[in-house]
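A.B. asks: Structure for this input, please:
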Amino acid sequence: MLLYLNLDGEGPPTSEQREAVAASLTTLDRAYEWSHEGLLYSIAYSPAYFERFEASLPATVDLPAPTSLSDFETPTFDTQDAVVHLASDRADAVLEAEEALTGQQERVNGIDVEARLTDAFTVDSRRTGFVGAGLPAQNQNAAGIPDSKPVPEESPLFMGFIAGFVGNQATEEYVTLDEGPFAGGTTKAIANIRQRLDDWYGEQDYDERVMEMFSPVHAEEGLVEGVGANLGDNSGIDEMLDDILDQAREHARVGHAQKAARANRDDDGNVRLLRRHFESTDDIGSDQKVASLHFPSLQRGISAFEEVRRAMNGTDVTAATPAVRQRVNNGILEYIFTRRRGNFLVPPRRHRVLPSPRPT
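C.D. replies: Next up is the predicted model:
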């Protein structure tokens with residue numbers, strides 16, 4: 001669950017607001033074990049929040065305002081002051097924590113609620129989702145998915161494949177800021193993406209979907225079976241990067257993963273982004289169920305995320321072959337539409353409560 005929050009009032013936070021936020025977060029710490037069986041959560045702050053102060057963020061923090069990252073997207077920018085991310089294997093824990101933070105519970109998991117996050121903030125947007133094989137299939141009665149219900153039972157994604165392979169993810173250590181007052185923290189980019197999968201399942205056969213999700217060679221050599229569980233911890237995408245233009249010319253398609261991976265490695269071959277995406281049926285602003293995706297990404301600086309996202313556009317590939325166009329045959333761009341985007345700083349624990357731009 002993502003709770004987007006606006007701080008009440010103008011200017012910097014007050015001491016009373018800081019006390020309320022500190023007490024509300026401490027309540028969660030006391031009520032739940034810090035684990036996937038208890039509750040995992042973070043609070044992060046936007047560029048707009050830090051504009052409340054006269055001082056600016058230090059150069060060690062790369063946190064620009066959100067922007068459009070392709071010629072064909074027009075997202076609404078999330079400029080709320082903060083976002084709280086709640087996660088657990090237990091849906092009841094997430095919902096109880098939300099109720100404690102927003103004043104709907106006086107006790108949470110046996111602990112008294114002494115203060116509420118809403119004593120300082122107003123909730124602007126509530127967004128929910130799910131993670132796990134089988135859940136997309138159970139929730140595929142949503143706009144954007146064919147009536148034939150094609151999502152495989154074993155898939156963790158509406159698009160029918162595994163993503164977020166361990167070997168294709170940055171480590172927590174890699175994405176952690178290592179200097180400045182926010183050392184120990186990280187940055188978080190969050191997008192909300194609408195999925196329209198009628199053509200994905202209706203016009204593309206299985207091999208074509210493999211080509212567009214991974215790479216043409218993955219399909220040609222039969223590297224992917226079913227949803228891709230046979231790939232183990234690594235999709236093997238690093239081996240498909242050097243001849244990406246030749247593959248596109250030969251097969252008239254380019255893979256989503258191979259485009260992004262070109263920018264998602266540093267000079268030493270380390271993965272730069274730690275993705276924490278989860279599926280959803282949220283249609284932000286309405287009660288309609290739609291196939292969507294919440295895409296939080298953690299990285300040392302937002303610029304890293306922006307470079308990887310721009311690489312997904314595949315502009316060099318469209319120049320290399322007329323078969324690959326701005327969206328068509330260009331990875332999965334034909335089927336996904338960015339509706340929201342926001343950038344945030346996740347402070348280290350010592351500065352998690354309404355920090356100033358240069359805390360001591």
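A.B. asks: Tell me where the chain has strands.
C.D. replies: For the chain, the strands defined by DSSP state E cover 2-7, 40-45, 76-77, 82-87, 107-108, 111-112, 121-127, 186-195, 274-275, 278-280, 292-299, 336-346.
A.B. asks: Skipping adjacent residues, who's closest to residue 329 in space?
C.D. replies: Closest residue to residue 329 apart from its sequence neighbours, by CB to CB, 6 or more residues apart in numbering: residue 253 at 4.7 Å. (Glycine included, C-beta is placed from N, CA and C.)
A.B. asks: Would you map the helices across the stretch 151-300 of the chain?
C.D. replies: 172-175, 198-202, 206-213, 216-220, 244-251, 256-263 (DSSP state H, counting those that start in this stretch).
A.B. asks: what number of residues lie near residue 172?
C.D. replies: Residue neighbour count, defined by other CB atoms under 10 Å, stands at 10 for residue 172.
A.B. asks: how far does stretch 45-64 stretch from start to finish?
C.D. replies: 12 Å (CA to CA, to the nearest Å).
A.B. asks: Name the surrounding residues that touch it.
C.D. replies: 7, 10-13, 65, 78-83, 177, 179-183, 187, 300-304, 342-345, 347, 354-358 (CB atoms under 8 Å, 6 or more residues apart in numbering).
A.B. asks: List buried residues within those.
C.D. replies: 7, 12-13, 78-83, 177, 181-182, 187, 300-302, 304, 342-345, 347, 354-357 (16 or more other CB atoms under 10 Å).
A.B. asks: quick revisit: next, format the strands of the chain as TSV and append distance to residue 55 and mean pLDDT.
C.D. replies: Converted to TSV, those look like this (distance: least, CB to CB, whole Å; pLDDT from 0 to 100):
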stretch	distance to residue 55	mean pLDDT
strand 2-7	17	99
strand 40-45	14	98
strand 76-77	23	98
strand 82-87	18	99
strand 107-108	35	94
strand 111-112	36	96
strand 121-127	22	98
strand 186-195	19	98
strand 274-275	29	98
strand 278-280	35	98
strand 292-299	24	98
strand 336-346	14	98
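A.B. asks: wait, which of the ones you listed is closest to residue 145?
C.D. replies: Evaluated with CB to CB, those place strand 186-195 nearest to residue 145, the distance being 7.8 Å.
A.B. asks: Give me the buried positions along the closest one.
C.D. replies: 186-195.
A.B. asks: and what of stretch 329-348?
C.D. replies: For stretch 329-348, the neighbour count (16+ other CB under 10 Å) marks 329-348 as buried.
A.B. asks: next one: stretch 112-130
C.D. replies: In stretch 112-130, counting by 16+ other CB under 10 Å, buried: 113, 115-121, 123, 125, 127-129.
A.B. asks: Residue 245 contacts residue 320, correct?
C.D. replies: Yes. Taking contacts as CB atoms under 8 Å, residue 245 lies within contact range of residue 320: 4.5 Å.
A.B. asks: before we move on, the earlier item: now the buried residues of stretch 112-130 in a markdown table, with distance to residue 41?
C.D. replies: Formatted as a markdown table, those follow (distance: CB to CB, whole Å):
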| residue | distance to residue 41 |
| --- | --- |
| 113 | 15 |
| 115 | 16 |
| 116 | 15 |
| 117 | 11 |
| 118 | 16 |
| 119 | 18 |
| 120 | 16 |
| 121 | 15 |
| 123 | 15 |
| 125 | 17 |
| 127 | 14 |
| 128 | 14 |
| 129 | 15 |
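A.B. asks: Looking at the residues you listed, spot the one nearest residue 314.
C.D. replies: residue 129 (27.1 Å).
A.B. asks: Next, give phi and psi for the closest one.
C.D. replies: phi -170, psi -170 (degrees, to the nearest 10).
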